[in-house]
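give the three-dimensional model of this entry:
(one chain, ligands or ions: 1)
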Amino acid sequence: MSEKWVNQLNRIAIIGGGITGLAAAYYAKEAGAHVTLIEAQDHLGGKIKTIYRDGFTLETGPDGYMARKPTLTSLITDLGLADQLVRSRTGTSYIYVRKQLRQMPAGSVMGIPTKFWPMVKTDLFTWRGKLRAGFDLVIPRVYAGEDISLDRFFRTRLGSEVVDTMIEPLLSGIYNGTLEDMSIESTFPQFITIEQKTRSLILGMKALTPPVQAGVKPSETGKFLSIEQGLGALVEALRPSIDRLMLKTLVQSVRPHEVTFADGTVEQFDGIILATSPQALGPLLGFPEAERLSSLKRTSSMTVLAAFDESDVDALDGTGYVIAKSEGNALTACSWMHKKWPHLAPKGKALLRMYIGSEHVPSLLHEEDDQIANFALSELRRIQKVGTPLFTKVERHIQTMPQYEVGHKQDVRAFEEALLKWDGVEACGAILHGVGLPDCVDSAKRAVDHLHLRQAVTV
Ligand SMILES: Cc1cc2nc3c(=O)[nH]c(=O)nc-3n(C[C@H](O)[C@H](O)[C@H](O)COP(=O)(O)OP(=O)(O)OC[C@H]3O[C@@H](n4cnc5c(N)ncnc54)[C@H](O)[C@@H]3O)c2cc1C
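This is a model prediction of the structure:
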């Protein structure tokens, strides 16, 4: 976007103050707009929440982002925070299955085995399971141009044992969903590309995995980035892009160039960008395609952070583990945060983050935080030894994670086409083209560019 906005499109309302709305504020401000940001809660950041306590940095929502997606890193650099970027440590990852923490076979990428000997030697799978996974080398393509579930795709290619033991705990954790519901086109389209290209996933992933370079320590090759002060620092760095901040202000509905607030007042804007949580889209816009997106399944989870003296945690060398469903544990994963992100804990201390799966959330919802933390710790102690925590912090993520079900792409297309008829209104955020922080920033940038472009066409 080269030209600045002048006169015709300079009063922009952004609804929602999570990373999407804040990034939209930044790009709109950069383009010369006067930015009003309206947020229902009393603080900015949405799902991003960083708390500082006793020398620990507690990320209760997202803790980092995929380094290979460049837009967020560019934004952080533009904000002058590049020197604060930290890369995650890597190390052995584990899966808790058959009552034991077992190493993931070396060379597994997103649950797909790519190396022959580690797969042969691993105690994760039976011989039958390993042989079945090898069918991937010979069976024809599964994706035939129509969206299918991740479950169908992987089960056909690699067999049930590899899916249930390794792929399901790893991939479903990212969306906090189940593979049966998740659309391959909308969640992991890269697997379609690989299958189209090489037919075999194992061979395709192997070709994509760069060989380990001599002299590069594993700790230097982490796939995630974050900010040393915590992601809350990103929220603060974006705040000055807002000219007029309206916190604790709920928007009731949106029409072209018009925002109606919950108290009944109405205000006109040259452009409006919706960056709300998914469930708000339908009620705000009121047309069927928006209602459909809002009604998509959303899952809940709880995170429990627990701080310890390091000597009180019996942690292996690595960054944590996921838990196979077959174990019947209420936890789906546990990250050893002090190992993944050493900047989050003071020297000699440990920080664990436990994830309580969606099916256990309803029964815990009305419990006190202490009871939830004790429950999570008792589930954790079925897997690893830990002493008494220094403190715990519980965060409830209720109905927050949109599930990209089979057919989601078509729903998004229908919504975006319908929205084109709404002059001066754009939408962005986790419900559309990806839930990761970089995806949200990408969608915010697209929304601002689009608003600008549409205005340029009409003036
Ligand atoms: C536990 C958890 C861990 C995660 N971990 C990671 C991770 O490590 N890396 C990663 O990349 N992604 C992660 N994600 C996903 C990522 O955090 C989210 O997809 C992203 O933060 C969504 O940002 P957003 O701005 O679109 O939405 P939100 O953060 O939900 O912000 C939307 C805002 O809109 C406001 N709002 C809604 N309706 C209205 C209204 N009518 N009027 C005014 N305001 C309104 C809400 O109050 C909210 O503040 C995680 C998500 C969760 C839940």
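
hang on, residue 149 packs against residue 185?
No. Residue 149 is beyond contact range of residue 185, at 10.3 Å (criterion: C-beta atoms under 8 Å). (C-beta placed from N, C-alpha, C; glycine too.)

with only the CA atoms kept, save the lengthiest helix in the chain in PDB.
Ranked by number of residues, the top helix in the chain under DSSP state H is helix 437-458. C-alpha atoms of helix 437-458 as PDB (Å, rounded to 0.1, in the frame of the first residue of the first chain):
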ATOM      1  CA  LEU A 437      -0.900 -15.300  15.800                       C
ATOM      2  CA  PRO A 438       0.800 -14.700  12.400                       C
ATOM      3  CA  ASP A 439      -2.400 -15.800  10.600                       C
ATOM      4  CA  CYS A 440      -4.300 -13.200  12.600                       C
ATOM      5  CA  VAL A 441      -1.800 -10.500  11.700                       C
ATOM      6  CA  ASP A 442      -1.900 -11.500   8.100                       C
ATOM      7  CA  SER A 443      -5.700 -11.300   8.100                       C
ATOM      8  CA  ALA A 444      -5.600  -7.800   9.800                       C
ATOM      9  CA  LYS A 445      -3.200  -6.500   7.100                       C
ATOM     10  CA  ARG A 446      -5.400  -7.900   4.300                       C
ATOM     11  CA  ALA A 447      -8.500  -6.300   5.800                       C
ATOM     12  CA  VAL A 448      -6.800  -2.900   6.000                       C
ATOM     13  CA  ASP A 449      -5.400  -3.200   2.400                       C
ATOM     14  CA  HIS A 450      -8.800  -4.300   1.200                       C
ATOM     15  CA  LEU A 451     -10.700  -1.500   2.800                       C
ATOM     16  CA  HIS A 452      -8.200   0.900   1.200                       C
ATOM     17  CA  LEU A 453      -8.500  -0.700  -2.200                       C
ATOM     18  CA  ARG A 454     -12.300  -0.800  -2.100                       C
ATOM     19  CA  GLN A 455     -12.400   2.900  -1.200                       C
ATOM     20  CA  ALA A 456      -9.900   3.700  -4.000                       C
ATOM     21  CA  VAL A 457     -12.300   2.000  -6.500                       C
ATOM     22  CA  THR A 458     -15.400   3.900  -5.300                       C
END
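
buried ones in it, by neighbour count?
437-448, 450-452, 454-455 (16 or more other C-beta atoms under 10 Å).

now do it: everything it contacts.
By C-beta atoms under 8 Å, 6 or more residues apart in numbering, the surrounding residues in contact with helix 437-458 are 1, 5, 8-9, 12, 18-21, 23-24, 27-28, 31, 48, 62, 65-66, 69-73, 75, 231, 270-271, 273, 275, 423-424, 426-430, 432-434.

touching the ligand at all, stretch 357-377?
No. Shown here: stretch 357-377 not in contact with the ligand (C-beta under 6 Å from any ligand atom), separated by at least 11.2 Å.

who touches the residue of the stretch 101-250 of the chain found nearest the ligand in this structure?
Here the stretch 101-250 of the chain gets closest to the ligand at one residue, residue 250, 4.7 Å apart by C-beta to the nearest ligand atom. Applying C-beta under 8 Å, 6+ apart, we find residue 250 in contact with 40, 261, 262.

the first one touches residue 261, doesn't it?
To tie it back to what came earlier, the one meant is residue 40. No. With contact defined as C-beta under 8 Å, residue 40 and residue 261 do not form a contacting pair (10.5 Å).

who touches both of these two?
249, 250, 251.

how many residues are close by the first one?
Looking back up the chat, that one is residue 249. As a burial measure, residue 249 scores 18 neighbours (other C-beta atoms under 10 Å).

likewise the last one?
If you count neighbours by other C-beta under 10 Å, residue 251 ends up with 23.

same thing with residue 362?
So residue 362, with other C-beta under 10 Å, has 10 neighbours.

kindly report the same for residue 153.
Neighbours around residue 153, by other C-beta under 10 Å: 22.

and the one 3 residues further on, by the same measure?
Using other C-beta under 10 Å, the number of residues around residue 156 comes to 17.

same question, residue 52
By the measure other C-beta under 10 Å, the count of residues near residue 52 is 11.

from memory it sits against residue 58, does it?
Yes. The pair residue 52 / residue 58 is scored as a contact, 7.4 Å apart, by C-beta under 8 Å.

from the buried residues of helix 437-458, list the ones also adjacent to the ligand.
437, 440.

and stretch 308-321, how far apart are its ends?
Here the two ends of stretch 308-321 are set 18 Å apart, with distance taken as C-alpha to C-alpha, to the nearest Å.
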